[in-house]
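>>> Structure of the sequence below:
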Amino acid sequence: MCSFVWYALPVVTVVLLGLVQGATEFVPVSSSGHLVLLQWLLGVHRPGVLLEVALHGGTLVAVMAALAGRIRRDWRRLLLPLAVASVPAAAAGLVLRPLLERAFDAPVALGLGWLATGAGLRWAGAAKPQQDMDSGRPAASDGATAGGWPAKAAKLSRLAAVGQRAGGGPGRTAPPQGAASVRAGGGTAASLGIREALVIGLFQVVALVPGVSRSGAALVGGLAVGLEAGEAAAFAFLLAVPTVGGATLLELPAMRGEGSLWLGAGVAALAGAAAIRLFLRAGVQERLSRFGAYCTALGLGIVAAVALHALGFV
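Modelled structure (predicted):
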């Protein structure tokens, strides 16, 4: 049954689903919401969760490739925060699975989820970015994030030098005003403590609801605990590794011989890698309000359509 359904899908449909998944997984607009909406529009009905797992597996390859250098350099320091941040969503998913499955079949839940995502992104976009203590200019973290973290070390050195001058000597450093609430890290993902990682994980629980962006929720959580925008985005992307990796490994045997699934996964991988690089290089903080407005418009459109249908106008 499963093989027949997947091979019966037109190739263009599989490619389109892969493109949508890859383009939206790492942009804070809810890839799951877009997939659900697209499947409704295309009339795609599939058994089980193989499609979602395959497409998410493709984006897992994308994040591993796009952030390979960062993973090699900092995997020891990132391992514990990523593990801690993954626990809340995994536990909530197991407990709330029946309720969540029903939510994915309810258009109004999708609309409300997009409205929640839009509100969170608008807040994050309006948040004041950290300032460079030497020049007073916003820290240029996004470009550095795309290629690595050496610029972060340079910034921390400048902050330390300013603190020494303010504190009266090399042995005393005055903490900058508005310092990030991250354990001895100045707002970098590699220095997250357990408590901050847990907070980000709790934000990610909300993303179990359709229409709520997983990467967006984790990004907002990262900003809430003091990460710079680029660092919060990178940590949100890396959270896909434990979150998606487990589900992909569990379903991998069922994907054998499913040519359409592998095609969709490959397209999602290519689109996802491009989306990661473009998003980080374009400037994270400056784009969040725009993504928030987009999600709000989608949410209002879905809710309005549901209301009109209930009143008999559609």
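>>> pLDDT weak spots in the stretch 151-300 of the chain?
Across the stretch 151-300 of the chain, residues meeting the criterion (pLDDT under 70) sit at 151-186, 251, 254-258.
>>> And the helices in it, which stretches?
Assigned helices in the stretch 151-300 of the chain, in chain order: 194-205, 214-224, 229-238, 240-251, 259-282, 284-310 (criterion: DSSP state H, counting those that start in this stretch).
>>> could you say what helices and strands the longest one packs with?
Contacts of helix 284-310 with other secondary structure elements, assessed using 3 or more CB pairs under 8 Å, 6 or more residues apart in numbering; DSSP states H and E, are made with helix 107-126, helix 141-147, helix 214-224, helix 229-238. C-beta: built from backbone N, CA, C; applies to glycine.
>>> Mind listing what's buried along it?
For helix 284-310, burial by neighbour count (16 or more other CB atoms under 10 Å) applies to 284-285, 287-289, 291-292, 294-296, 298-299, 302-303, 306.
>>> Same question for the fifth one.
When neighbours are counted by 16+ other CB under 10 Å, the buried residues of helix 259-282 are found to be 260-273, 275-277, 279-280.
>>> Ala109 - nearest residue in space that isn't next to it in sequence?
Among residues not flanking Ala109 along the chain, Ala103 sits closest, at 4.3 Å (CB to CB, 6 or more residues apart in numbering).
>>> hmm, back to that, let me know which of the helices and strands packed on helix 284-310 is the nearest to Ala92.
Put simply, out of the helices and strands packed on helix 284-310 the one that sits nearest Ala92 is helix 214-224, at 12.2 Å, with distance taken as CB to CB.
>>> Work out the gap between the closest one and the centre of the chain.
Taking CA atoms, centre = their mean, to the nearest Å, one finds helix 214-224 lying 7 Å from the centre of the chain it belongs to.
>>> circling back to that earlier point, residues touching the residue nearest to Ala109, list them.
The contact partners of Ala103, by CB atoms under 8 Å, 6 or more residues apart in numbering, come to 109, 209-210.
>>> As CSV, those residues with neighbour count and distance to Val14 would be great.
As requested, those are arranged in CSV below (neighbours: other CB atoms under 10 Å; distance: CB to CB, whole Å):
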residue, neighbour count, distance to Val14
Ala109, 21, 26
Val209, 23, 26
Pro210, 23, 21
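>>> List the residues that contact Leu219.
28, 124, 229, 232-233, 236, 284, 288.
>>> From Phe26, how far off is it?
In this structure, Leu219 and Phe26 are separated by 10 Å, where distance is defined by CB to CB, to the nearest Å.
>>> okay, the nearest residue to Pro107 once chain neighbours are set aside: pLDDT?
Nearest non-adjacent residue to Pro107, counting by CB to CB, 6+ apart: Val306, 5.2 Å away. Reported pLDDT at Val306 in the predicted model: 92.
>>> contacting residues around Val306?
With contacts taken as CB under 8 Å, 6+ apart, Val306 has the following neighbours: 107-108, 111.
>>> looking at these, which has the most residues close by?
When neighbours are counted by other CB atoms under 10 Å, Gly111 leads the contacts of Val306 with 24 neighbours.
>>> check contacts around the spatially closest residue to it that is not a sequence neighbour.
Taking CB to CB, 6+ apart, and ignoring the residues beside it in sequence, Gly111 has Ile302 as its nearest neighbour in space, at 3.1 Å. Under the criterion of CB under 8 Å, 6+ apart, the neighbours of Ile302 are 37, 107-108, 110-111, 114, 211.
>>> Out of those residues, flag the one nearest to Arg73.
Using CB to CB, Gly211 comes nearest to Arg73 of the contacts of Ile302, at 34.8 Å.
>>> got the helices of the stretch 151-300 of the chain as TSV, with distance to Glu52 columns?
TSV is the format used below for the helices of the stretch 151-300 of the chain (distance: least, CB to CB, whole Å):
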stretch	distance to Glu52
helix 194-205	17
helix 214-224	12
helix 229-238	18
helix 240-251	8
helix 259-282	10
helix 284-310	19
